Structure formats: structure tokens, C-alpha cells
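Novice: Following is a predicted model, sequence given first.
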Amino acid sequence: MKYCIGIDLGGTTVKFGVFTYDGVLIQKKEIPTRKECGRDVIFDDIAAAVRKIVQENSLDLNNCLIGMGIAGPVEDTGRVEVSVNLGMSAYYPGIELSRLLDNIPVYVLNDANAAALGEMWKGGGRGHKNMILITLGTGVGSGVIIDGSVIHGTHGLGGEIGHIWVNPDEPDLCQCGGRGCLDQIASATGIVKYADRFLSRSDQFSTIRGIKNLSAKDVIDAAKSGDYLAMYTVNYCMEFLGKAIADITYVIDPEIILIGGGISKAGDFIREIIYDHYKNYPKIKKTLAPIELAQLGGDAGIYGAAFFARESSTSV
């Protein structure tokens, strides 16, 4: 019987999940990402953790399918041009890890795409083959699935909706070098930035005024409690997201749209705001799709990486 190992390589931690071929999670593990030690050490750590997991579960490494989600666009060749939060550039993560694991194949994909596949396989997207996962955290991540397959694109940029330019009036530059990206507005970072802007332009009382190290959670919680400026901020930022989703549905025509990431912890409050803005834009009503909450949380990446390995191994 084959087993699947899903790896989610993040800037702070590396997560691992061991699954049966049918997707039953057997074990989870997490190790720190030692970025300060360089790329070789990171991959040595990952390989050592995989070997330990295999041993702990009395598995045969050669009987395991390994997938890894990683930040940054993954090209068809397996090359990653840059992973900003890992401090890595121009490398082949699958090849590097495979060499440390007796040359067994390692299937690599973008981490947001991995999360989308995970949600389709065992999360909020179960039963759907055409869907979009949008993660709202420090940035805006996304993955698009059509006919059960994730869309990578020629250069690994498929589904990267966070860097669609949506606000020509945005004065600050995005990390990508653009200006007015969705990432700058609908993310947790964007909510805090716009809250600070609106507070600076108004003398109106607000419960978030004067909060040190203001967070998106602070803003959303205040909005839930009826704070006008907080609610104005959340509505402002989510309207850009709602319109972007509407635009995308004309191209993708998904069955369902899932919202994940830290902001999704606000639950139906944030989901309903996004949907209310989204529904105002499409005029061909058939294009409307339900917006629901993702279900796997931080485990979506390991589920998706494992599923990707499973599916990729059968297509070779």
C-alpha cells in the first residue's frame, strides 16, 4: 500500500503530514525553518524529518509519494525563480530534496495551490472540481482548480490574484513592484494600513484609535461591535476583493469560492461582507457562485501536497 507525505515549507516552520493513499491523516509533524542557516541546512532538515517520520510509522521510503508546497511560482521544469520569505532564488527544490532521499521523486507546487488542492480533496471544496481558494493573511494568496486540476500556468503564476492591480489611487508600492495590488488592500496588512489612514483623516471616535500594534483582528472585532470607522475600513477593503472575485468568475466560472487564511477566522461575518460586495458586480446571474469558508486551516497545505504527489505519480 502506498502512503503519501505532504510537506508545507513556510518561512517560519516546515509542516509534514503522513497520509494513507485515500487521505487519512496518520501523523503530523512540524520543525522550524532555519532560514538563517541557508538553503542546504533547510533541505537537510527536511530530509532528516522525512526519514524520521518514515521510521516512526514503520514505512518504506520507496513506498512513499512525496509532495511539497513552497512559496513562489513553480515553473514547469520545477524551478523556482524566487521564494522571498525563504531567502531562496533560482533553485529546484524537488531535485534538491530528492537527492537527499535516495532519489525518489518529490513533486513540488506553489503553497497556495497546494492549499487549494487540500481543500478540494478533504476540506470545504469536497465534491467540487472547479473552485477558487483565496487566503487572506499577511498577503492575499490564491489557488484555482479547473476540472480537478490546479492551474499552474506557463511560469507558475496561474491563479495569482493577489497581484491583480485593483486600486490606481494607491500611493504605496507593493512588494512585487506594482502599485494598487489586491494584496495591498484585502490582506490583514492592508486592513491595518487602511484603518490607520482613515483614522488619521478623521477625528471621529473609534475604539481602535490609539491601539498599539493595531492588528486586523482588532479592526474586525471592532467592526463586529459596531465601530463605524472599523466597519468602514473592512467594507472598503473587502469591496475590492468582492469585485476581483466577480471579475475572476467570468473567466473561471467556479462552482464554489473558499475563503481561508487568518482573516477567515472572523467566520460568517467576513464571508457575508465579501459575498455582499461580490454579488453587486456580475450581471449574468449564472456566474454567481457561493462563497464559503475553508475548513482545513493551516493543514490545507500538507493535504494538498500529499494529494498532488498522489495524482502526479499516476500521470507519469
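Specialist: Thanks, I have it.
Novice: Identify the residues contacting the closest residue to residue 277 other than its chain neighbours.
Specialist: Nearest non-adjacent residue to residue 277, counting by Cβ to Cβ, 6 or more residues apart in numbering: residue 242, 2.7 Å away. Placement of C-beta: from N, CA and C, glycine included. Residues counted as contacts of residue 242 (Cβ atoms under 8 Å, 6 or more residues apart in numbering) are 274-281.
Novice: in the protein, which spans are helices?
Specialist: Residue ranges of the helices in the chain, as given by DSSP state H, are 39-56, 93-100, 111-122, 188-200, 216-224, 228-252, 268-278, 300-315.
Novice: List the buried residues in stretch 142-150.
Specialist: Using 16 or more other Cβ atoms under 10 Å as the test for burial, stretch 142-150 gives 142-146, 150.
Novice: Low-confidence regions, the stretch 151-300 of the chain specifically.
Specialist: Of all residues in the stretch 151-300 of the chain, none has pLDDT under 70.
Novice: if we go to 80?
Specialist: Applying pLDDT under 80 to the stretch 151-300 of the chain flags the ranges 285-287.
Novice: Centre-most residue in this structure?
Specialist: With distances taken as Cα atoms, centre = their mean, the residue of the chain nearest its centroid is residue 112 (3.5 Å).
Novice: Quick one: residues contacting the residue nearest to that one when sequence neighbours are not counted.
Specialist: With Cβ to Cβ, 6+ apart as the criterion, residue 112 has its nearest non-adjacent residue at 3.8 Å, and that residue is residue 141. Residues near residue 141 by Cβ under 8 Å, 6+ apart: 111-112, 115, 134-135, 162, 261.
Novice: Buried ones among these?
Specialist: When these are checked for burial by 16+ other Cβ under 10 Å, the buried set is 111-112, 115, 134-135, 162, 261.
Novice: before we move on, back to that, beta partners of the residue nearest to residue 112?
Specialist: When assigned by DSSP bridges, residue 141 has beta-bridge partners residue 135.
Novice: likewise the one 4 residues further on?
Specialist: With DSSP bridges applied, residue 145 shows beta-bridge pairing to residue 131, residue 150.
Novice: Pretty sure residue 126 sits against residue 120.
Specialist: Yes - counting by Cβ atoms under 8 Å, residue 126 does reach residue 120; the two are 7.0 Å apart.
Novice: quick one: which of these two has more around it?
Specialist: Set residue 126 next to residue 120 and count neighbours by other Cβ atoms under 10 Å: residue 120 wins out with 28 against 11.
Novice: residue contacts, the residue nearest to that one when sequence neighbours are not counted?
Specialist: Nearest non-adjacent residue to residue 120, counting by Cβ to Cβ, 6+ apart: residue 145, 5.5 Å away. If you count contacts by Cβ under 8 Å, 6+ apart, residue 145 has them with 116-117, 120, 125, 129-133, 151.
Novice: Ok, residue 4 next?
Specialist: Residues near residue 4 by Cβ under 8 Å, 6+ apart: 18-21, 23, 64-67, 306-307, 309-310.
Novice: what about 10 Å?
Specialist: By Cβ atoms under 10 Å, 6 or more residues apart in numbering, the contact set of residue 4 is 17-23, 26, 64-67, 302-303, 305-311, 313.
Novice: Now the buried members of these.
Specialist: The neighbour-count test (16+ other Cβ under 10 Å) marks 17-19, 64-67, 302-303, 305-311 as buried among the contacts of residue 4.
Novice: and those, which two are the farthest apart?
Specialist: Greatest spatial distance in the buried ones among the contacts of residue 4: 18 and 311, 17.4 Å, computed using Cβ to Cβ.
Novice: Can you give me the neighbour number for residue 77?
Specialist: A total of 10 residues lie near residue 77 under the criterion other Cβ under 10 Å.
Novice: so what pLDDT did it get?
Specialist: On pLDDT, residue 77 comes in at 90.
Novice: Could you report the separation of it from residue 158?
Specialist: Distance, residue 77 to residue 158, by Cβ to Cβ, to the nearest Å: 15 Å.
Novice: residues in contact with stretch 164-182?
Specialist: Stretch 164-182 is contacted from outside by 84, 134, 139-140, 142, 160-163, 183-187, 189-190, 193-194, 197, 236-237, 239-241, 243-245, 247-248, using Cβ under 10 Å, 6+ apart.
Novice: ok, now with 7 Å
Specialist: Among residues not part of stretch 164-182, those counted as contacts by Cβ atoms under 7 Å, 6 or more residues apart in numbering are 140, 161-163, 183-185, 240-241, 244.
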